[in-house]
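[1] sequence first, predicted coordinates after that:
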Amino acid sequence: MLFSELRCKEVICVNDGQRLGYVSDLAVDVPEGRVTHILVPGPCRFFGIFGRRDDFRIAWNCIRRIGPDIILVDVKPCDCRVPRGKPGWGL
């Protein structure tokens with residue numbers, strides 16, 4: 001699968017059905033060459049005027065299924081939040 005194909009998929013939490021957003025980036029372990037996390041920007045605040053909320057950094061092993069349109073993850077959204085604006089997405 002190509003990264004460009006992942007960016008078109010919406011990430012949904014299987015625990016509560018919450019829509020987290022769309023994949024924006026991947027974190028890769030360079031020496032091993034494997035994907036460790038997907039990164040999803042947080043939801044907009046008040047029509048995007050006041051920026052965004054905290055972003056989501058979801059471990060690759062929390063992904064349960066990658067379908068044609070969505071990615072299902074088994075994670076609590078509050079456990080994978082990282083403050084917005086940190087360089088490297090909290091890595």
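    Received it, and whenever you're ready, just let me know what you need.
[2] pull the helix or strand with minimum mean pLDDT from this protein.
    strand 81-82 (a mean of 75; mean pLDDT, DSSP states H and E).
[3] which helices and strands does that strand pack with?
    strand 55-59 (3 or more C-beta pairs under 8 Å, 6 or more residues apart in numbering; DSSP states H and E). Where you see a C-beta, it was placed from the backbone N, CA and C, and this is true even at glycine.
[4] name every strand pairing with the strand it packs on and say which way it goes.
    strand 34-40 (antiparallel), strand 81-82 (antiparallel) (DSSP bridges).
[5] out of these, which gets the lowest mean score?
    Least confident of the strands paired with strand 55-59, judged by mean pLDDT, is strand 81-82 with a mean of 75.
[6] okay, now the unreliable bits of the chain?
    Low-confidence segments of the chain, defined by pLDDT under 70: 43-53, 83-91.
[7] show me the strands in it, by range?
    10-13, 19-22, 25-29, 34-40, 55-59, 63-66, 70-73, 81-82 (DSSP state E).
[8] nearest to Met1, of those strands?
    Met1 lies closest to strand 63-66 among these, at 7.2 Å (C-beta to C-beta).
[9] list the buried residues for stretch 54-66?
    For stretch 54-66, burial by neighbour count (16 or more other C-beta atoms under 10 Å) applies to Asp54, Asp55, Phe56, Arg57, Ile58, Cys62, Ile63.
[10] nearest to Leu6 among the residues you listed?
    Ile63 (10.3 Å).
[11] neighbours around the nearest residue to that closest one once chain neighbours are set aside, how many?
    Distances taken as C-beta to C-beta, 6 or more residues apart in numbering put Val73 closest to Ile63, at 5.5 Å, once the chain neighbours are dropped. If you count neighbours by other C-beta atoms under 10 Å, Val73 ends up with 25.
[12] contacts only, for Val73.
    Val11, Ile12, Cys13, Val14, Leu20, Ile58, Cys62, Ile63, Arg64 (C-beta atoms under 8 Å, 6 or more residues apart in numbering).
[13] if we can go back for a sec, most tightly surrounded among the strands paired with strand 55-59?
    strand 34-40 (a mean of 18; mean count of other C-beta atoms under 10 Å).
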